[in-house]
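> Sequence and computational prediction follow.
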Amino acid sequence: MTSLRYLYQGEDFEFESQVYARDGERRSLYRVLLLFLLRPGTQDKPLVYVCTSLFEKFPRPEDLLNLQNTEVILRVISPVGHSTHKLKLIRDAAIYCIQNRDRGDSGCARLGKRIGLWRRKRFYPNTLEYAMAYGCGRPGLPIDGDSMRVLFRTSDRIDRSSFDYGKTGKKLKKALNPKEWIDVHEILRLHGLVVCQTYPRCHLCPIEFCRMREKPFDEQTGIQIARQEAKRILDEEWKPWRNLACVTK
């Protein structure tokens, strides 16, 4: 992990702990929950497009509960797939936000129980981790496909015979300081997007142990190329949804 921190460090790079320290008080739990409940099965750019339209048309959780809006909501969220199922989930999230609007930290504490209900509906298991970290500023460590791919290839402690994201997350949590969890998620995900792709770009990777390595790390140009690509992803794909999670002052 130290080598990856060095690879992506720089004055233009801000990971979640830094972003939340600056913008956390402007984060809307309503927006965060909808972003991550709609996210499974789609990429960041279409997600931002859908949620931008959704928040413009339905800025308050109460707006989602108006049955007269059902057809409009379904039409707006159709690009992210599974519209009918996701409509039920985001309406449940809207109810939660209304019920806990004035609860502050206690509202976040109750979040785990509610998301447990969503999880039992066989939906995305990382929703609680995302919501706690990005919506409440509490420790959370989501494990997605990009970060799992990096871990499978570079760690001999991860069971490569199963794609159990939950077990993998628990193992990582035991090894890391909770304050580091969300930044570790973002570093792993970024590395999976930039370097450790389906067909890995090994010449950009400084990790010493890797089962998939085919080329040596090119330290002279690898760092520069990886940082340039990471900066593009942060600017074009991550900043838009981070900004979308905030409400204007």
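Structure received. Numbers count the residues shown, from 1 in each chain.

> Could you pull out the buried residues of the top helix by length along the chain?
Taking DSSP state H as the criterion, the chain has its longest helix at helix 83-99. Of the residues in helix 83-99, 86, 87, 89, 90, 91, 92, 93, 94, 96, 97 count as buried by neighbour count, 16 or more other Cβ atoms under 10 Å. Bear in mind the C-beta positions are built from the backbone N, C-alpha and C, glycine included.

> and which of those residues is nearest to residue 149?
Comparing those against residue 149 with Cβ to Cβ places residue 86 closest, at 25.2 Å.

> from what I can see residue 64 touches residue 88, true?
No - applying Cβ atoms under 8 Å, one finds residue 64 not in contact with residue 88, separated by 10.9 Å.

> how far out from the middle of the chain is stretch 33-53?
Centroid separation for stretch 33-53 versus its chain: 11 Å, with Cα atoms, centre = their mean, to the nearest Å.

> From the rest of the structure, what touches it?
For stretch 33-53, the surrounding residues in contact (Cβ atoms under 8 Å, 6 or more residues apart in numbering) are 31, 54-55, 76-77, 79-82, 86, 89-90, 93, 96-97, 118, 123-124, 126-127, 130-131, 134-135, 236-238, 240-241, 244-245.

> okay, now the domains of this structure?
Domains of the chain are assigned by automatic domain parsing as 1-14+177-249, 28-136.

> Which of those comes out lowest on mean pLDDT?
Sorting the domains of the chain by mean pLDDT places domain 28-136 lowest, at a mean of 84.

> Hmm, residue 157 is touching residue 168, no?
No - counting by Cβ under 8 Å, residue 157 does not reach residue 168; the two are 9.4 Å apart.

> neighbour-wise, which of the two wins?
Looking at residue 157 and residue 168 with other Cβ atoms under 10 Å, you find the greater number of neighbours at residue 168, namely 21 against 9.
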